[in-house]
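A.B. asks: the sequence and its predicted three-dimensional model are supplied below.
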Amino acid sequence: MSRIGQILPHHHRHCDVIFTAAEKSAQRGNWTECDAACEQFSRQLLAHFDAEESLLFPAFESASGMREGPTQVMRLEHGQMRQLLGQLGAARLARDAETFAGVAETLLILMQQHNMKEENILYPMCDRVLEAQTEQLAAQLQARLELENA
């Protein structure tokens, strides 16, 4: 059984690996590698947000009746991370290693806190509340994220 609490944390780790590669490339001053890693990271992270916001969150909200709860907090945090992605991109384009490192550190902390809340609170709630449709929803999430991996 492919559960939501397995698929999405796996994708978090995938994004983490790409993000680390981008950070290391910037630290070495290899902006060509950093550009490629940042673009891949951005695509993957935005695909993850989109999968949650367009598939998972609406299904959870519909089944649970909770619209002002954890999904609202996650959407707000997604917005914060989108802003940081923009700042990271600007620092990268300016080849400003110091600003890049500072924004990357802030983004990393936010991602770690966010992922912990999703993995320990929201995803288990989704697996329980959406039990009847978890297989179908998990397959849709997996397909959406695999398309972005190509």
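C.D. replies: Great, that's in hand.
A.B. asks: contacts only, for residue 26.
C.D. replies: Contacts for residue 26 were tallied using C-beta atoms under 8 Å, 6 or more residues apart in numbering; they are 34, 92, 97, 100-101, 104. Using the backbone N, CA and C atoms, a C-beta is placed for each residue, glycine as well.
A.B. asks: top of the residues you listed by number of neighbours, please.
C.D. replies: For the contacts of residue 26, the largest neighbour count, defined by other C-beta atoms under 10 Å, is 26 neighbours, found at residue 100.
A.B. asks: confirm for me that that residue is in contact with residue 90.
C.D. replies: No - with contact defined as C-beta atoms under 8 Å, residue 100 does not reach residue 90; the gap is 9.2 Å.
A.B. asks: thinking again about what came up before, closest to residue 7 out of the contacts of residue 26?
C.D. replies: residue 104 (25.9 Å; C-beta to C-beta).
A.B. asks: name the residue closest to the centre of this structure, please.
C.D. replies: Compute the mean C-alpha point of the chain, and by C-alpha atoms, centre = their mean the closest residue is residue 45, 4.2 Å away.
A.B. asks: which helix or strand contains the nearest residue to it once chain neighbours are set aside?
C.D. replies: Excluding the flanking residues, the one nearest residue 45 by C-beta to C-beta, 6 or more residues apart in numbering is residue 15, at 5.4 Å. Using DSSP states H and E, residue 15 falls within helix 4-28.
A.B. asks: list the buried residues for that helix?
C.D. replies: 4-5, 7-8, 11-12, 14-15, 18-19, 21-23, 25-26 (16 or more other C-beta atoms under 10 Å).
A.B. asks: in this structure, what helix or strand scores lowest on average pLDDT?
C.D. replies: When each helix and strand of the chain is scored by mean pLDDT, DSSP states H and E, helix 134-149 comes last, with a mean of 82.
A.B. asks: for it, output the C-alpha coordinates as PDB.
C.D. replies: Written as PDB, here are the backbone C-alpha positions of helix 134-149 (Å, rounded to 0.1, in the frame of the first residue of the first chain):
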ATOM      1  CA  THR A 134      -5.700   7.000   0.100                       C
ATOM      2  CA  GLU A 135      -4.600   4.500  -2.600                       C
ATOM      3  CA  GLN A 136      -6.100   6.600  -5.400                       C
ATOM      4  CA  LEU A 137      -4.800   9.900  -3.900                       C
ATOM      5  CA  ALA A 138      -1.300   8.400  -3.300                       C
ATOM      6  CA  ALA A 139      -1.200   7.200  -6.900                       C
ATOM      7  CA  GLN A 140      -2.100  10.700  -8.200                       C
ATOM      8  CA  LEU A 141       0.500  12.300  -6.000                       C
ATOM      9  CA  GLN A 142       3.100   9.800  -7.100                       C
ATOM     10  CA  ALA A 143       2.300  10.300 -10.700                       C
ATOM     11  CA  ARG A 144       2.400  14.100 -10.300                       C
ATOM     12  CA  LEU A 145       5.800  14.000  -8.600                       C
ATOM     13  CA  GLU A 146       7.300  11.400 -11.100                       C
ATOM     14  CA  LEU A 147       6.300  13.600 -14.000                       C
ATOM     15  CA  GLU A 148       8.300  16.400 -12.400                       C
ATOM     16  CA  ASN A 149      11.300  14.000 -11.800                       C
END
